[in-house]
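Engineer: Need a 3D model of the sequence below.
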Amino acid sequence: MEELFDELWAGVPSPALDIETNQVVVRSPTDPQQLAALDKIEAVLERIVDSLANNDKQLTILLGRKDKSALLRRAATSPSVSLPVIKKKICFPGRTPEEAWRFSQAVLMRILELMHEAIASGVVTTKRDIYYKDPALFLKQSVVDRYVDDIAFTFNVPRSALSVAAAAKGLFAGAITITKEVGQIIDGRASQEGQLIPGIGNGDELDIHGAKWVLIIEKEAVFHSLVTCAAWPSTSLHGIIITGKGYPDLATRMLCNKLASYKCKNTNDLLPIYALVDWDPDGLGIMSSYKHGSASSQQHDNPTSSRLHWLGLTSEEVCSADDDRHNQELLPLSIRDRRKATKMLEWQNLQEDDIEAGWRRELQVMLMVNYKAEIQLMDEQEGGVQEWVKEKLL
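Structural biologist: Numbering: from 1, shown residues only. Down below sits the predicted model:
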C-alpha cells in the first residue's frame, strides 16, 4: 500500500508529465502556488498511472480536511489552537461500492484532470463549471464542492492556486475600480445594479479613487435601495458599498480584506470599514465572518477585516422608538435564533473581557426582549435607510 498524503504536504516535485499524451506539459502559470499545485496534481496522477501499469495490489490516497465538529466549536476556542485534521482514505481498487465510485469511477481523477487543465491553460474555472463537465459522474454539486476543498486543504494551497473559484456572488459599487491582471477593468460606478465581485489575485490592482469609507451590507435588497436612490451619484464619489448577499463568500471577504489595508488619499488614514446587518444572531454571525473569518472554512487562506466597525442595527435603534408601527416591525426570536445566540455567547471573543464584549451585550438584550429586527426597520423613519446611512457616514 502506498500513501501520498505526507508527500503532498511536503511538496515533493514531479516531472511535468501529461498523463494522456506522455508529453512534457508547457507550463503557462508563473505564480509559485499554482506551480506547486500543478506539481502535486501531476504527482498524484503519475502514481495512479504507475500503479495501474505495474499491477500494484493497492494504491491509497489520503485526503485531509479539518474536523467538522471542531470547526463548529472553533469560535469558542482560542484562535491559536490548531484544529485536528481528518484523513479520508480513497483506495484503488475500491474495497466497498462507495470507494469504487469515489475512485475507480474517476471522481477524484476527473476533478484533478480539470484542475490541471485550468492551471496549465491559465483559465479560472468554477465549482459549478466542474460539476457540469460531468454531472452523471459527480451526481450532485456538493460532491464537487467537497473534493475541491479537500484537495486544496491536502495540497496546503488556497483554492485560487488550483484555478477554481466559486461562482461570483457578492456585489460592489462606488469609488473603486478593479483592474484584473489580464487587463479587464471593473468600475464600481459603471452600473446601477452593482458589479459582481471577482476573485482578487496577487496581480490585480485596486484603485479607491477618493473613497472615505466602506460599508458592508448584509442584504442585497438594501444594497440596491442605496445604489438606486437619488443621492447615490454624489455618494458614490467618496463611498464604497459591498454586499455578500448574506454570509459572504471567499471573494467578498478577500476584497474587504484588501480594502482594509488602503489609506484615504486626502488624510492618509486607513480606510474605515463599517457593517450594516440585521439585529439578530445571524446578523452578528455574518459580521463575524467578515471581521474574524469564516468558522466553517476549509481554506488555509481565511481573510479577515479586523478593523470592521458595527454601524447598525443595534439595540439603540431597535429599542429607541416607542410607537405601535415601529413595534409591529419587530419579529419574535425563533427557537433556532435563541439556540444560535446561546451558542454564540460561548465564543471566546464574545466573553466579558474580550474584544467583542459589546456584541455579547447585544445578544443578551435580544434574548431578554425575545425580539429581532431587520435593517428595513429604518425605512419607518423619515428618509428611510438611505437617510439613516447618510447621517451615520457623511
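Engineer: And the residue nearest the centre of the chain, how far from Val148?
Structural biologist: Ranked by distance to the mean C-alpha position of the chain (CA atoms, centre = their mean), the top residue is Leu250 at 2.1 Å. Noted for Leu250: a distance of 12 Å to Val148, by CB to CB, to the nearest Å. To be clear about C-beta, it is placed using only N, CA and C from the backbone, and glycine gets the same treatment.
Engineer: What of Ile178?
Structural biologist: 24 Å.
Engineer: higher neighbour count, the two?
Structural biologist: Neighbours per residue, other CB atoms under 10 Å: of Ile178 and Val148, the larger number sits with Val148, 23 against 20.
Engineer: State the pLDDT value of the more buried one.
Structural biologist: What the model reports for Val148 is a pLDDT of 88.
Engineer: contacting residues around it?
Structural biologist: Remark: with contacts taken as CB atoms under 8 Å, 6 or more residues apart in numbering, Val148 is in contact with Ile111, Met115, Lys127, Ile130, Arg159, Leu162, Val164.
Engineer: Could you look up the SS state of it?
Structural biologist: Reducing the assignment to helix, strand or coil with DSSP: H, G, I helix; E, B strand; the rest coil, the entry for Val148 is helix.
Engineer: Shouldn't Lys392 be within a strand?
Structural biologist: No - for Lys392, which was evaluated using three-state DSSP, the result is helix, with no strand membership.
Engineer: Could you check how many residues crowd around the closest residue to it other than its chain neighbours?
Structural biologist: Closest residue to Lys392 in three dimensions, ignoring its sequence neighbours and counting by CB to CB, 6 or more residues apart in numbering: Leu311, at 5.8 Å. Each residue near Leu311 was counted by other CB under 10 Å, and the total is 21.
Engineer: and Leu311, that's in a strand?
Structural biologist: Yes - looking at Leu311 with three-state DSSP, it is inside a strand.
Engineer: Show the low-confidence segments of the stretch 151-300 of the chain, by residue range.
Structural biologist: Per-residue confidence of the stretch 151-300 of the chain (counting by pLDDT under 70) places the weak regions at 295-300.
Engineer: at 80 instead, please
Structural biologist: Under the criterion pLDDT under 80, the flagged ranges of the stretch 151-300 of the chain are 160, 165-168, 181-182, 201-202, 265-268, 294-300.
Engineer: quick one, helices of the stretch 151-300 of the chain?
Structural biologist: 220-227, 232-235, 250-259, 281-292 (DSSP state H, counting those that start in this stretch).
Engineer: ok, back up a step: quick one: contacts for the residue nearest to Lys392?
Structural biologist: For Leu311, the set of contacting residues under the criterion of CB under 8 Å, 6+ apart consists of Leu215, Tyr274, Ala275, Leu276, Val389, Lys392, Leu393.
Engineer: ok, so what distance separates the fifth one from Tyr274?
Structural biologist: Spelled out, that is Val389. Taken as CB to CB, the spacing of Val389 relative to Tyr274 amounts to 9 Å.
Engineer: before we move on, what about Leu206?
Structural biologist: Between Leu206 and Tyr274 the distance is 18 Å, computed by CB to CB.
Engineer: Neighbour count: these two, which is higher?
Structural biologist: Counted by other CB under 10 Å, Leu206 and Tyr274 do not tie: Tyr274 has more neighbours, with 19 against 14.
Engineer: Now the more buried one: closest residue in space that isn't a chain neighbour?
Structural biologist: Ranked by CB to CB, 6+ apart and with sequence neighbours excluded, the top spatial neighbour of Tyr274 is Leu311, at 4.0 Å.
Engineer: distance of that neighbour from Ser305?
Structural biologist: For Leu311 relative to Ser305 (CB to CB), the value is 13 Å.
Engineer: same check, this time on Asp207
Structural biologist: Noted for Asp207: a distance of 19 Å to Ser305, by CB to CB.
Engineer: Quick check: buried residues in stretch 193-202?
Structural biologist: Across stretch 193-202, burial judged by 16 or more other CB atoms under 10 Å covers Gly194, Gln195, Ile197, Pro198, Gly199, Ile200.
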